[in-house]
Each structure stands twice: as C-alpha cells, then as structure tokens.
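*Asks:* Let me see the structure of the following:
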Amino acid sequence: MTKIQSSQVVGLFFIGMSCLAMPAAQAQQSNIVKRIYISPRGSDQNAGTSAQPFATADAALRATEKYKKGEDGSGIEIIFDAGTYYLDKPIQVSANHSGSKKQPLKIKAADGKQVTLSGGRTLDLKWQKGDKGIWKAKVPAGVSFQSLYANEKHLVRARYPNYDASILPFQGYAADALSPERIATWKNPTGGIVHALHAGRWGGFHYRITGKDGSSKVMLEGGEQNNRPSKMHETYRFVENIFEELDTAQEWYLDEQTATLYYIPSKGTDPNQLKFVAPQLENLITISGSASGRAHDIEVSGLRFTHTAPTFMKTAEPLLRSDWTIYRQGAVKIEGAENCTLRANDFIELGGNAVFVSNYNRGVKISGNRIEQIGAGAINFVGDPEAVRSPAFRYEKFVPLSQMDTIKGPKTNNYPMDCEASDNLIHTIGLIEKQVAGVQVSMAASLRILHNTIYDVPRAGINVGDGTWGGHEIAYNDVFNTVLETSDHGAFNSWGRDRFWHPDRKEMDQITAAQPNLILLDAVKTTKIHDNRFRCDHGWDIDLDDGSSNYEIYNNLCLSGGLKLREGFYRKVYNNIMLNNGFHPHVWFKDSHDVFRDNIVMHSHQDIQVKYWGDRVDHNIYARKEDLLKDQAKGVEKQGRAVPLNFVDPIRSDFRLKGWKGQGFKNFDMLHFGVTDKRLKSLAVSPEIPQLIQSGAKEQGQKWGWKGGQFKSVETLGEQSAAGLPSIAGVLVLQLDENSTLYKSGLRVNDVILDYKGEKIDELTDLQQAIKKLVHEDQPKVVVFRNQQQQKLTLQL
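*Replies:* Residues are numbered from 1 along each chain as shown. The predicted model follows:
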C-alpha cells in the first residue's frame, strides 16, 4: 500500500473529458455529471482527469468549489477507486462544497469496488524476540495509541483478567482487579486504565491511573462517563495497559516513555510477517456548516469506515438529566447540515461513535448502513443544551419554579429535526463504553427511526434521553439481545426528566397538581412507537422511565420483557402483544391521563406503588382467567377478557390471532420488522422466538408484620427499578401505621431498609435476625433508600 503524505487521500479522481470539452451552454442543457476521481498514483499538480488524477481529498474538494453552484447545471461526483486509504487528518466537507436538491454532491466508492477509509497509521516495526514469548519493537517517538491491529485482527491490550469472549460484561471482570496485592506487583502502572460498571449497573465508568500512592494503591482520574455518579461496581471491573499483565497470546503493551511496543503473538507466529495498524484519528469525515451557511445536499455512499481511536476518556458532556454523558464525535460527524445523506456505508472496527449528528441539522438521512464492532454508540442525534429552556443537568438538579422559563418548546433551532435513521443493520456495539445505544436521541424533534435491525448491545437498542421535543416516529424496528451488560433498562428506553420533573416525588406531585401546564412544555409533540419487535431478557422490552410523557404506543410485539410505564403523563398504549409477560405500571401520578387498553398480556399487571390508574386500564385480553381476576380485584379491567390465544405461527414469529374477529384488539403485520435492504437482510440475524409459558406471574414472597408495619424482601427487577435501587437487595416497607413509633421516627412507606445498626440487610431474614440480635437496642440507627439516595434514621422503638 502506498503511504500518502499529509492531507492526502488515496483514490482516483478524474473529470470526464467529454464534460471538459463541452461548452457551458450545452452542459447546462444536457445536465451531465462532472466526475472527479482520486488514485494512489495521482498528484495534486495534475488536472484531475482520468489520465492525470488528483492525489488528495483537499485537491478534489477544491475542484468541486469551481463547479459547486452548478452554473452549467451539472452535478459533481467524487469517486474513490478501490483501496485502503490511511488518512492523516479528517476529510472536511463544508458549505462551500454543497450541491443542489436535484444534483447533490456525491462522495462515493467506484461501482463494485471496496473502498476503506482508515484512521489508523501503519507501523514499520522491527521485532526482536525476548523472554516468555514476548517480542518488542521500537515505534516512532511521540506516537501513541490505545488500540492495535495485526493483519486486520483487533489485538488485546494487556489486561487483568484476561480477555474471554464468552464472559459479560467486559469479556472478563474481577473483584480483585484493584486489590492491594495486585497493585503491589505493578512497577509503574501510570497510564493504565480501569474500566468498571456503575454500582447500579446503569452504564459504565473509565479511569486513567495517574500513579501509585504508596506500594498498594493507585491514583485515578476520570469517571465522567455517566451522569448518575456512583462508586465503581465492586465486582464488574478490569484493568488494562499495565506491563505486568502482559501474559497471554494476542496481548500487547506500549511503553510510551521508551517508545517500545511489546507483543505476544500466537505460537509459531513471527510478528515481522504481520502488518500492524494503530488507530490515530477520532473522525474520518466531517460535514459542517454554520448559521450563515449550511452544508447541504451532500451524499456519502459505499465507503467503509474503520480504525478510529477510542474516545472513552473524553465522554463527559452531560445530556440534561438523563443518565448519559456524551462526546460529540464520530467516524462521521454532521453539524449545521440540511438534506445530507449517509447511505450504504460500512462502519466497522471503530473505537468511538460511528455517526454523530450534532446540533442544527434538518433532513439528514442515515440509511442502509452496516454498523458493527463499535467501541461506543452507533447513531447519535444530539442537540444543543442552549436550545432548551431552563435546562438542568444531573438527576438531582431542578430549576426552581420562580426561575423557570415557562414558554413552551425550544429556545433556538440548534438541534436535529426532521432527520432519519432507517434501514440500518447495527450490532455488537458498546465494546468499550456501556452507556450507548444503537440509536440515541437527545434534544431533538420529529425524527424517524424506521426499519433498523439492532442487536447485541450492552444497554438499550434505541434510547430517547429526554422529552425535548418529541414528535418522533419509531417504527418497524427489530431490536433484541439488549441490556446484555447492564441492568434496569429496556430494548427501548426513555427518560423524561423535563422541566416539570423533580427528584423528590412529593415535590413533583405538588408541582404537577398545581401547574399541570408544565408537563408538556418540553415534550411538545407526541412520540409514536409502533410496529416494532422488541426483546429484552434483562429488563423490559419497552421501558418508559422517569417522567417519560406524551407517547402513543401500538402494534408492537414484545417477546420477553413486557412493557413498563413509570411516572409520566399522557401515554396511550394499545394493540400490543406481550409474550410471557405483561404490563408494569410503576409509581403513577394522580391524573396521569395514561391509557392501557386492547393489548394481549400473559401475566397480571405487575403494578408497583400505583394508587391511581390513569384514564383507563381496561379491555385487555388475557391468556389466563386467574390473571384477569387478580387485576379486576384492583378495580381495573372491568371489561377485560380471558381468551384462548391461538396464534397463527408462533415458531415463525407470527403472533396474529388465528380467525380473530373480536372487538378491540386488531391483528397487525409481523413479517416486516427490521432492515429491508437485500444486502443487509442477508447479513442480519433474527431474535430467538420464545416458547410460550402458560403459567401466570410469580407470586411475590413472604410479608412480615413488625411494630405497625408490613415488610418484604426486594425480589424483582420491577421493585428495584421502582425504588431506583442499584441492585435487587434490601427490605421494602409496604405499609406503615401513621401512629406507629416507626412512622414517628421518620420511616415511610416505600423506603427500602439497607442497614440496621451496622448489619447489612439484603433480604427479610437479615432484618429479622438483626432485630433479634439487637433486641435490647431501643434506638437503632438504620440506613434507608428513598428518592434514589441513602438516608440515615434513628428509630424510636
């Protein structure tokens, strides 16, 4: 492969000779296309013809400026010839390169050719064999990298525990990764990296080791990758980039101080025969405009993007009060654009995000792309916080009503709107970062997320981070194998911690009751979720979490986790099928105006802390009479029905009701979920279709009465989620007499007891034993979990 100089991109750019020879008037009449090609054998001093091609992207883009306004009616195509192009800087496409609606600027691969844009640098290494199977080689001074490839195979940076593809999370974890005994064996771990899950498994954290504190402790910086701060998980953690952990084949370590690369090849392999590539760039193509000049009518197609550098230590910008932080970068970044398209590209082996659509964008379409083996997220649509009225950042923050801007909708237009992510195959993402999604939406409006196939992800397949500003259509997607490395989430997840939302539930109840006009100030338009197939075996198929409001959800097939509606307003849910599961209403508001009707459920409703049942919970179809009767005893489902569920062809995921002529529920199409593109359909896999379980929901466990209260163990993911607990542990207060000493001591219904006088409380028997053990203690101190934080109380017994 020819090594290109600074600013060069290899390929073939020529301008059609017939076009050059044709008079301007004739060209305008014929409306022909000017084609510019790039080739490794080219030169920027050439004319850009097929016989004299350019050598750099800069030269090719300068050539487009001569024709950009299409004075002669011609379109322009920049065509890459076959090959791998190692970029030394990103390709910058600006407003000056814009096309027109009829003739967009096209940046594409030559027909039938494989074109790869790499952010890596090839390394010319002279390997020498050392002890213990470790080889070493010098790298150029000043060169650093976080990932490395040998003959296109991604290598493993020296780590503990060792990489095991069969283990989740992190392909291996160890509670003793930062034990004093292990740290003591590290001579100089500076530059090492600690990866860990959030204590509640709500995403992950990443830290850089800055040095040792004594012989058995390390100093860390970082941990900004999650907007819900916590300690790192005690078990789910690992360390990498430490020389002493270099101990198995395919591991490597770079000593930046001595510019020495160490590597253990497979047995019998001479690394001098391998081609090594070290990712350097975070971004390969940027399409950018400004308020004074938008980049518009640009299409990028048929390219393969690979070898970008990991960016996990830069993920720090909080996305309002969602659990996310973000880094605004991707292999392709689009900002300030209109009517631009990414079509039929491959994004493979990337260290950070694949696509980032940032701030003002209109009519941007991401379609027909293959996205896999990604360190962070796949497609991100993220607006500007300055466009949000009275924004707050972090879960526990709230703008006081006296200071709140109460004008409806956005403050500026600096956010994505009327954009689309459609027909994309997305899988095996979040290989490094865990708070990621196949499609992420925050501070955006009226997006279309259609016909995507998304699977093998550590968290949600599709995530909507806030209510600003709604109007999205999420339809015909196939989303499964989700929440594989985290917890308390869904194949689809949303939050709605908007202006009305307060971290103290009592405060929020008062605010929304007194000023219901606040509720839809941000969630201005209804978001529709319809005709999708979802599966999550580690949470919910559809999870509308804190505050999510103004949704219409219909014609979805939920294969495993059911559907959850936590506190929020104006959710209309109808005509969905929930296999082996059902409906999970959590901590609903009074006057929520929620509706749940004409759905097929196979469990009784799994309500948690629900006193008020919205506008209607009725007319649903049950698989079992017993489940219907349970729900009718709650005062709902007066018109509910239990019928035999005779599905057309469950093995082939056709869960239409055979011969169904009943009222209410209507059969819907189940044959067109996911990608439609022939190339992508041939590559995609399908979800495992569950065997139907006819038994009802598992009964909750033992309840225990003590001093005017009723208590039980926290046993389910639903109870964990409703309480906001980091794990399924503790004892839940179910009932409490207001005249009891426990109530007068400050204990409340829905508190979760975690500690009793220094005794850890994981389940009901722990509490009972602690009370017996400390029977003579009349003022025990307890730790409870309330409003998603710990509080200390002294009980007066």
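*Asks:* what residue ranges in this structure score low on pLDDT?
*Replies:* Residue ranges of the chain with pLDDT under 70: 1-31, 68-73, 694-700, 772-776.
*Asks:* which residue is nearest the middle of it?
*Replies:* Among the residues of the chain, A437 comes closest to the average C-alpha position under Cα atoms, centre = their mean, at 1.8 Å.
*Asks:* Distance from the chain centre to stretch 749-758, please.
*Replies:* Centroid separation between stretch 749-758 and its chain, computed with Cα atoms, centre = their mean, to the nearest Å, is 33 Å.
*Asks:* residue ranges for the helices of the stretch 301-450 of the chain, please.
*Replies:* With DSSP state H, counting those that start in this stretch as the definition, the stretch 301-450 of the chain shows no helices.
*Asks:* same question, the stretch 1-150 of the chain
*Replies:* 17-21, 24-30, 57-65.
*Asks:* can you tell me the distance between the two ends of stretch 448-461?
*Replies:* One end of stretch 448-461 to the other measures 15 Å (Cα to Cα, to the nearest Å).
*Asks:* and what of stretch 351-364?
*Replies:* 24 Å.
*Asks:* what comes up buried for it?
*Replies:* Residues of stretch 351-364 classed as buried by neighbour count (16 or more other Cβ atoms under 10 Å): 351-364. All C-beta atoms are positioned from the backbone trio N, CA, C, and that covers glycine.
*Asks:* Likewise for stretch 116-135?
*Replies:* 116-121, 123, 125, 127, 134-135.
*Asks:* Quick one: those as CSV, columns for distance to L261 too.
*Replies:* What follows is the buried residues of stretch 116-135, written out as CSV (distance: Cβ to Cβ, whole Å):
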residue, distance to L261
T116, 24
L117, 25
S118, 19
G119, 19
G120, 14
R121, 13
L123, 8
L125, 7
W127, 9
I134, 11
W135, 9
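*Asks:* Could you tell me which of the residues you listed belong to strands?
*Replies:* 116-118, 120-121, 123, 135 (DSSP state E).
*Asks:* What is the end-to-end distance of stretch 404-418?
*Replies:* The first and final residues of stretch 404-418 sit 28 Å from each other (Cα to Cα).
*Asks:* Identify all contacting residues around it.
*Replies:* Identification of contacts with stretch 404-418 by Cβ atoms under 8 Å, 6 or more residues apart in numbering yields 357, 359-364, 381-384, 386-390, 443-447, 468-469, 499, 517-518, 520-522, 524.
*Asks:* Look up how far N413 lies from the residue nearest to the centre of the chain.
*Replies:* 25 Å (Cβ to Cβ, to the nearest Å).
*Asks:* what do you get for N283?
*Replies:* From N283 across to N413, the span is 24 Å (Cβ to Cβ).
*Asks:* cool, and P279?
*Replies:* 35 Å.
*Asks:* which one of the two has more residues nearby?
*Replies:* Shown here are P279 and N413; by other Cβ atoms under 10 Å, P279 has more neighbours (25 against 14).
*Asks:* Could you give the number of residues near K681?
*Replies:* K681, neighbours per other Cβ under 10 Å, totals 13.
*Asks:* Which of the helices or strands spans it?
*Replies:* helix 678-683 (DSSP states H and E).
*Asks:* name the helices or strands packed onto that helix?
*Replies:* Using 3 or more Cβ pairs under 8 Å, 6 or more residues apart in numbering; DSSP states H and E as the contact test, the elements touching helix 678-683 are strand 370-374.
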